[in-house]
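J.: Predicted coordinates and the sequence they were generated for:
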Amino acid sequence: MDALPAEEGRQKARIAVAGAGWWSQGWHLPQLHRNPDAEITAIVEPCLAPRSTLNPDMKTTEELAKLYGVPVFSSIDDFLASPAAKVTDGVIVASNHASHHEIGTKSMQAGLHVLIEKPMSTDPREAHELACLAAESNKLFMVNNSANFREQAKKAHELVRAGELGEIRQVQCYMGSALLWLFDNPENVGWVKPSGTMQGNGFGWGQLSHSLAWVYMVTGLTPEGLTCHMGYSAVTGADIFDSAVVRCTNGATISVQGVAALPFKSYTESTKQIDNKIFGTEGMLTYSGEDMHPDSGALILKRHDGKDQRFEGFYFENYSADGYGPESLKAFIDSCLGKPVFNGADAIVGLKAVQTIDAMYRSAKSGQPESVV
């Protein structure tokens with residue numbers, strides 16, 4: 001897509017961060033602060049002392065204001081009414097799921113670019129509204145599915161769009177993580193307990209949103225309905241085993257498997273397993289590996305006519321806390337500067353992921369096939 005021209009002579013993207021939880025404090029804020037092409041204009045956080053079981057060293061909003069030299073606002077309304085909003089190009093929405101819709105909506109209506117954490121909402125109706133607003137906006141709307149912005153994802157997208165697979169008929173989507181320590185802990189309320197209109201919470205919202213967004217971006221498929229079964233944590237009730245078959249509008253099916261129970265070694269050694277296979281009338285595309293080990297896999301095209309291609313390296317989620325941030329954040333900064341970018345996770349991709357996961361929880365609860373809404 002083409003972004004609007006940046007203000008002439010300006011060299012930095014001016015970005016506000018809504019939500020000062022563990023992800024913002026560990027990733028977004030320090031990465032923006034280090035990046036010479038970006039500057040933080042404000043922080044929006046209603047809690048004076050954010051806390052998380054995932055980060056024991058959380059700073060208060062007063063400490064964050066001093067550290068980054070920016071004002072802190074308790075609501076998106078207060079920020080948008082302030083002078084800081086007038087010198088802001090975009091907003092990163094890294095708040096709790098329930099507030100994504102409000103903050104994303106008001107930010108777009110204020111004419112700001114939006115990078116929203118996954119999932120873009122846990123309510124498909126809210127996701128629909130965000131997608132409609134994004135379609136009407138001349139600013140960028142991105143979901144922070146970092147895997148979709150890696151070079152291998154772009155190549156997979158190009159191969160499918162070029163017709164190398166022909167018509168897509170079947171997709172296999174597997175994701176395994178060593179996350180029982182997360183989903184078995186009742187203190188991780190945002191990960192294990194449903195809120196608002198959520199039909200459930202656990203591995204589906206917390207992890208499968210990454211893999212499903214990758215599949216929908218690469219294939220362009222649209223979900224129509226599905227059947228799902230789940231296995232749950234005996235401690236928290238969060239789903240830790242997910243199995244679904246998704247029916248798409250073109251007749252293709254997506255087989256989805258999610259597992260939170262890989263053996264845990266350490267935070268630096270317990271890598272995620274990804275196995276995506278896409279089958280079409282002309283051949284198949286595979287992308288499998290372990291996300292901490294680039295040499296563990298490759299993007300492989302195999303065609304019936306023998307015109308195969310192989311692209312070495314496995315690069316899925318980019319959650320390194322070092323440097324200037326993942327490719328998704330870099331794309332957002334570039335868009336705020338008026339540069340054209342590849343949007344690997346737009347509002348439509350985000351919507352399809354939300355629709356699918358919502359229907360998975362409803363089907364697992366009802367024991368019946370469910371349509372997406």
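T.: On my side now, so go ahead. In this text, all values refer to a predicted model and were calculated from it rather than measured experimentally.

J.: Break the chain down into its structural domains.
T.: Here the domain parsing of the chain from automatic domain parsing is 13-145+325-341, 148-318+351-371.

J.: Tabulate those in JSON lines, adding columns for mean pLDDT.
T.: Below are the domains of the chain laid out as JSON lines (pLDDT from 0 to 100):
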{"stretch": "domain 13-145+325-341", "mean pLDDT": "97"}
{"stretch": "domain 148-318+351-371", "mean pLDDT": "97"}
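
J.: can you list those in TSV and add mean neighbour count?
T.: From N, CA and C alone the C-beta is placed, and that goes for glycine too. Putting the domains of the chain into TSV (neighbours: other C-beta atoms under 10 Å) gives the following:
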stretch	mean neighbour count
domain 13-145+325-341	20
domain 148-318+351-371	19
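
J.: For this protein, which segments count as helices?
T.: With helices called from DSSP state H, the chain shows them at 22-23, 29-34, 61-68, 76-80, 83-86, 100-109, 124-136, 151-161, 180-183, 189-192, 203, 209-219, 327-336, 347-366.

J.: Now do the fifth one: distance to the chain's middle.
T.: Going back to what we said before, that points to helix 83-86. Centroid separation for helix 83-86 versus its chain: 27 Å, with C-alpha atoms, centre = their mean, to the nearest Å.

J.: Report the outermost residue of this structure with respect to its centre.
T.: In the chain, the greatest distance from the average C-alpha position (C-alpha atoms, centre = their mean) is reached by Asp305, at 35.7 Å.

J.: show me what contacts Thr61?
T.: Thr61 is in contact with 20, 43, 45, 47-50, 72, counting by C-beta atoms under 8 Å, 6 or more residues apart in numbering.

J.: Determine which two of these are furthest apart.
T.: Among those, the pair separated by the greatest distance (C-beta to C-beta) is Ile43 and Ala49, at 13.6 Å.

J.: Tell me how far Val91 lies from Gly19.
T.: Distance, Val91 to Gly19, by C-beta to C-beta, to the nearest Å: 10 Å.

J.: scratch that, Leu208
T.: As judged by C-beta to C-beta, Leu208 and Gly19 stand 22 Å apart.

J.: again, but for Tyr232
T.: Relative to Gly19, Tyr232 is positioned 28 Å away (C-beta to C-beta).

J.: Tell me which residues touch Leu182, please.
T.: Residues in contact with Leu182 (C-beta under 8 Å, 6+ apart) are 188, 191, 206, 260.

J.: Ends of stretch 335-350, what's the gap?
T.: Stretch 335-350 has an end-to-end distance of 18 Å (criterion: C-alpha to C-alpha, to the nearest Å).

J.: ugh, wrong one, I meant stretch 300-320
T.: One end of stretch 300-320 sits 25 Å from the other (C-alpha to C-alpha).

J.: Name the surrounding residues that touch that stretch.
T.: Outside stretch 300-320, the residues that touch it by C-beta under 8 Å, 6+ apart are 27, 146-147, 149-153, 155, 159, 164-165, 210, 214, 272, 274, 282-291, 293-299, 326-328.

J.: How about residues contacting stretch 128-143?
T.: In contact with stretch 128-143 (C-beta under 8 Å, 6+ apart) are residues 1, 3-4, 90, 100-101, 104-105, 108-109, 111-121, 213, 328, 331-332, 335-336, 341, 343, 345-351, 353.

J.: Contacts only, for Gln257.
T.: By C-beta under 8 Å, 6+ apart, Gln257 lies in contact with 173-175, 242-243.

J.: 7 Å instead?
T.: Taking C-beta atoms under 7 Å, 6 or more residues apart in numbering, we find Gln257 in contact with 174, 242-243.

J.: Among these, which are located in strands?
T.: Using DSSP state E, the members of those that fall within strands are 174, 242-243.

J.: That concludes my questions; thank you for your assistance.
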